[in-house]
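1. build me a model:
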Amino acid sequence: MKRRDFITSGVAASIAVAGRTTVEAESSSVTALPPPAKFKLRYAPHFGMFKAHSGEDLVDQLKFMHDQGFTALEDNGLPNRPVADQERIGQTLAKLGMEMGVFVAIVDFQNQTMVLNKPEIREKMLADIRNAVEVAKRVNAKWCTVVPGCHDERLDWDYQTANVIDNFRRCAEICEKANLTMVMEPLNNRRDHPRLFLTRISQAYAICRGVNSPSVKILYDMYHQQITEGNIIPNIDQAWSEVAYFQVGDNPGRKEPTTGEMNYRNIFRHIHSKGFTGVVGMEHGNSRPGREGEQAVIDAYLASDNF
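-> I've put the predicted structure just below:
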C-alpha cells in the first residue's frame, strides 16, 4: 500500500470509529435513564404526593416513586379501596421490589373505643382486625395502624389503660397468627386531635409492655411527638425495643423535612445508626403545589438523608 493511500484509509477509519462512538454516546444519552436516588432509610410516600408528575393512576404513581429511589409505600385508606385496586397495588409493589408500609385498621377520633370494656365495641374492633388481615395479605403488609380512640372523663385513667391492654391482647390473638403487627400511634391533642387517649410515647411503651405481644408495637410519628413532648431522640432511645415504625412531618405545618423547626437530618442519622431497617412513612403534605412542590419534597429527603 502506498503511503498516501495508507494515511487516507487510516483517517477514514478513524472518522468512522469516532462517528460510531459519537452515535453510540448520543444514543446512550437518549435511552439511558439516571439511576434512582439511593436513600439510606426506607422512606414511604403516599398516593397523591407526586401525582403532578405521574398522573392519577395508582400504578403510575408507584412507578414514579420507585424511579425516584423510594422503596416503600404507605396508604392509610387502603382498606377502603376496592379489592381489585388492593390486588393491583400488591402486584405492582412486588414487581418493583417495594415494601408496603402501614394502612389504618382501627381509628375513631370522636368516640371512646378501646378504653372501654364493652363486648359490642370489642366485636367491632375484632372485625376490623380480621378485615385488616385480609387486606394485608393482598399487599404483603407487615404493619397496620391502630388509634385507641378518645378517653373517657368518667372513668379513672388506670382502668382505661387496663381496658386498652385487654383489647389489644384480644386483637393480638388474631394478628399473631397472620404475622401482622398493629402499631399504636400516639397523636397530639394540642393541635390536631383533642380528647384522644393515647398521646405520648412513654404511654404507648407501657401499653406494649403490658400487652407483651410481638404483634403490638409503637408507631412513632415525630410530627405529633414534637408537638406533644419533643425530646425526640432521647424518647426514641427509651422506647426503642417497642418501636416498629416511624412517620415524618415537620413542625409547624406538617410538611416535608426542612420546612419547619425539626432537624430531621440528625434524627434520620440517629435512627440509621441504631440499625433500623423498617419503613419511615412520609405522612405529611407538600409545602408547595404542583411539580415544583413535588420536586421540593424529593430534594428535602435527599438533603435530610445525606449523612
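2. in the stretch 51-200 of the chain, which spans are helices?
-> 51-54, 58-67, 83-96, 119-139, 157-178 (DSSP state H, counting those that start in this stretch).
3. buried ones in the longest one?
-> Neighbour-count burial for helix 157-178, with 16 or more other C-beta atoms under 10 Å as criterion, is recorded at Gln160, Thr161, Asn163, Val164, Ile165, Asn167, Phe168, Cys171, Ala172, Ile174, Cys175. For the C-beta atoms, the positions are set from N, CA and C on the backbone; glycine is no exception.
4. report pLDDT for the second one.
-> Read it as Thr161. Looking at Thr161, its pLDDT stands at 98.
5. cool, and the fifth one?
-> What the model reports for Ile165 is a pLDDT of 98.
6. how near is it to Leu116?
-> Ile165 is 13 Å from Leu116, where distance means C-beta to C-beta, to the nearest Å.
7. for stretch 222-236, output the C-alpha coordinates as PDB.
-> C-alpha atoms of stretch 222-236 as PDB (Å, rounded to 0.1, in the frame of the first residue of the first chain):
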ATOM      1  CA  MET A 222     -42.300  12.500  65.000                       C
ATOM      2  CA  TYR A 223     -44.600  15.400  63.900                       C
ATOM      3  CA  HIS A 224     -47.100  14.600  66.600                       C
ATOM      4  CA  GLN A 225     -44.500  14.000  69.300                       C
ATOM      5  CA  GLN A 226     -42.700  17.200  68.500                       C
ATOM      6  CA  ILE A 227     -45.900  19.000  69.500                       C
ATOM      7  CA  THR A 228     -46.800  16.800  72.400                       C
ATOM      8  CA  GLU A 229     -43.500  16.300  74.200                       C
ATOM      9  CA  GLY A 230     -40.500  17.000  72.000                       C
ATOM     10  CA  ASN A 231     -37.300  15.200  73.200                       C
ATOM     11  CA  ILE A 232     -37.400  13.100  70.000                       C
ATOM     12  CA  ILE A 233     -34.100  11.400  70.000                       C
ATOM     13  CA  PRO A 234     -34.000  10.500  73.800                       C
ATOM     14  CA  ASN A 235     -37.500   9.100  73.600                       C
ATOM     15  CA  ILE A 236     -36.500   7.000  70.500                       C
END
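8. so which of the helices of the stretch 51-200 of the chain gets nearest Lys40?
-> Using C-beta to C-beta as the measure, helix 58-67 is the one of the helices of the stretch 51-200 of the chain that comes nearest Lys40, at 16.8 Å.
9. give me the contact list for the closest one.
-> For helix 58-67, the surrounding residues in contact (C-beta atoms under 8 Å, 6 or more residues apart in numbering) are 33, 36, 45, 47-48, 50-51, 53-55, 73, 85, 88-89, 92-93, 96-98.
10. just the buried ones from those, in ChimeraX syntax?
-> Buried subset of those, written as a ChimeraX selection, criterion 16+ other C-beta under 10 Å:
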select :45,47,50,51,53,54,73,88,89,92,93,96,98
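11. output the lowest mean pLDDT helix or strand found in the protein.
-> helix 3-31 (a mean of 39; mean pLDDT, DSSP states H and E).
12. quickly list the domain ranges of the protein.
-> Recorded structural domains for the chain (assignment: automatic domain parsing) are 1-32, 37-304.
13. for the longest one, what is the distance to the chain centroid?
-> For domain 37-304, the distance from its own C-alpha centre to the chain's C-alpha centre is 7 Å (C-alpha atoms, centre = their mean, to the nearest Å).
14. coming back round to it: reformat the buried residues of helix 157-178 as JSON lines; add distance to Tyr301.
-> Shown next, in JSON lines, are these (distance: C-beta to C-beta, whole Å):
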{"residue": "Gln160", "distance to Tyr301": "38"}
{"residue": "Thr161", "distance to Tyr301": "37"}
{"residue": "Asn163", "distance to Tyr301": "39"}
{"residue": "Val164", "distance to Tyr301": "34"}
{"residue": "Ile165", "distance to Tyr301": "36"}
{"residue": "Asn167", "distance to Tyr301": "36"}
{"residue": "Phe168", "distance to Tyr301": "33"}
{"residue": "Cys171", "distance to Tyr301": "33"}
{"residue": "Ala172", "distance to Tyr301": "33"}
{"residue": "Ile174", "distance to Tyr301": "35"}
{"residue": "Cys175", "distance to Tyr301": "31"}
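15. nearest to Leu41 among those?
-> Nearest to Leu41 among the buried residues of helix 157-178, with distances taken as C-beta to C-beta, is Cys175, at 25.1 Å.
16. the closest one and Arg169: what is the separation?
-> Using C-beta to C-beta, we find Cys175 at a distance of 11 Å from Arg169.
17. find residues that contact each of these two.
-> Counting by C-beta under 8 Å, 6+ apart, the residues touching both Cys175 and Arg169 are Ser213.
18. noted, bye for now.
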